[in-house]
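K.L.:
Sequence and predicted model, in that order:
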2 protein chains.
Amino acid sequence: MADQLSQVFAALADPTRRDIVARLAVADATVGELAAPYDVTVQAVSKHLKVLEGSGLVSRSRDAQRRPCHLEAEVFDLMTKWIERYRQEAEERFRRLDALLAGIEAQDMTTEPQRGEAS
Amino acid sequence: MADQLSQVFAALADPTRRDIVARLAVADATVGELAAPYDVTVQAVSKHLKVLEGSGLVSRSRDAQRRPCHLEAEVFDLMTKWIERYRQEAEERFRRLDALLAGIEAQDMTTEPQRGEAS
DNA sequence: TCTCTTGTCAACCGTTCGGTTGCAAACAAC
DNA sequence: GTTGTTTGCAACCGAACGGTTGACAAGAGA
């Protein structure tokens, strides 16, 4: 089985599953309730829920023959942590590049005439 | 073609592609450089890069026959915005539920003896 | 020129994915 | 009991995915 990060990203790569997550953020719901708005079979939605459950984004309890679905929002942290790490790394690098360019520009101004101007 | 959000999530659902993004956060690189650490063909990595490019996460320039890859970190915002929205919604709902339960508990304490204690 | 490097494109292969249908289990309600 | 509702499971189908091989284009350099 794939690592959880891969599973969470894969789970959210499908618009129907993102919509399910969006609705579960508002309130818990059963499979049938979740399936109602879409024009696919309940079984298809059940499969989507299994994917979401496998990723840890959704948990399910038991109420007679009903299986209420609940959003587990903590899993979001997994993604945001990964994203933030590399966003910061990229931004840090961008800042360094910026400083480097500023340095070169400053050096150019002292050692040679600017390009594109009267030469 | 799928919406960009789906494409970005799908792109990051693959460990190899996440690793490529991680390395591009440190420095731009060519296809060959990116492919070197993995034991897959250069063609496979080229395909991964096409997926990343399609999602907007990576852009490519031209240097003779080389194609340097550059990380476009702004696309991360798309994801974090989506995630934050529903995380907040879920947390808000959790707070309301918490308040509701606290209210019920307070009411119980004034109207009937606590369960599990001396009856 | 001829050669080597870098990268893409096209075709193919096996697996996974999102959907379907059909069937059965579990349970409520009559 | 029987009936109806909710859900899960297995099999199947077509499309997409991740990988391969092979051929080819574009440049650098002898």
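P.N.:
Perfect, I can see it now. Numbering: from 1, shown residues only, chains lettered A, B, ... in the order given.
K.L.:
Just give the nearest non-adjacent residue to residue A:72, would you?
P.N.:
Excluding its sequence neighbours, the residue lying closest to residue A:72 (Cβ to Cβ, 6 or more residues apart in numbering or on different chains) is residue A:59, at 5.4 Å. Using the backbone N, CA and C atoms, a C-beta is placed for each residue, glycine as well.
K.L.:
Okay, and that neighbour sits in which element?
P.N.:
Element membership for residue A:59 (DSSP states H and E) is strand A:58-60.
K.L.:
touching DNA strand D at all, the helix or strand that that strand is followed by?
P.N.:
Following strand A:58-60 in sequence order, the next helix or strand is strand A:69-71 (DSSP H and E). No - using Cβ under 7 Å from any atom of the strand, strand A:69-71 stays clear of DNA strand D, with a minimum separation of 8.3 Å.
K.L.:
is strand A:69-71 anywhere near chain B?
P.N.:
Yes - using Cβ under 8 Å from any Cβ of the partner chain, we find that strand A:69-71 touches chain B at residue A:71.
K.L.:
what's that strand in contact with?
P.N.:
A:20-21, A:24-25, A:28-31, A:34, A:49, A:52, A:57-61, B:86, B:90 (Cβ atoms under 8 Å, 6 or more residues apart in numbering or on different chains).
K.L.:
Near chain B, which residues of chain A? Just list them.
P.N.:
So far as Cβ under 8 Å from any Cβ goes, chain A lies against chain B at A:2-3, A:5-7, A:9-10, A:12-15, A:18, A:21-22, A:24-27, A:71, A:73, A:76, A:79-80, A:82-84, A:86-87, A:89-91, A:93-94.
K.L.:
Pull out the buried members of those.
P.N.:
Buried members of these, scored by 16 or more other Cβ atoms under 10 Å in any protein chain shown, are A:5-7, A:9-10, A:12-14, A:18, A:21, A:24-25, A:71, A:73, A:76, A:79-80, A:82-83, A:86-87, A:89-90, A:93.
K.L.:
Can you list which of those residues are found in helices?
P.N.:
A:5-7, A:9-10, A:12, A:18, A:21, A:24-25, A:76, A:79-80, A:82-83, A:86-87, A:89-90, A:93 (DSSP state H).
K.L.:
Let me know whether the residue nearest to residue A:72 touches residue A:53 as I believe.
P.N.:
Yes - Residue A:59 is within contact range of residue A:53, at 6.9 Å (criterion: Cβ atoms under 8 Å).
K.L.:
Show me chain A divided up by domain.
P.N.:
Split into domains by automatic domain parsing, chain A comes to A:4-71, A:74-110.
K.L.:
That concludes my questions; thank you for your assistance.
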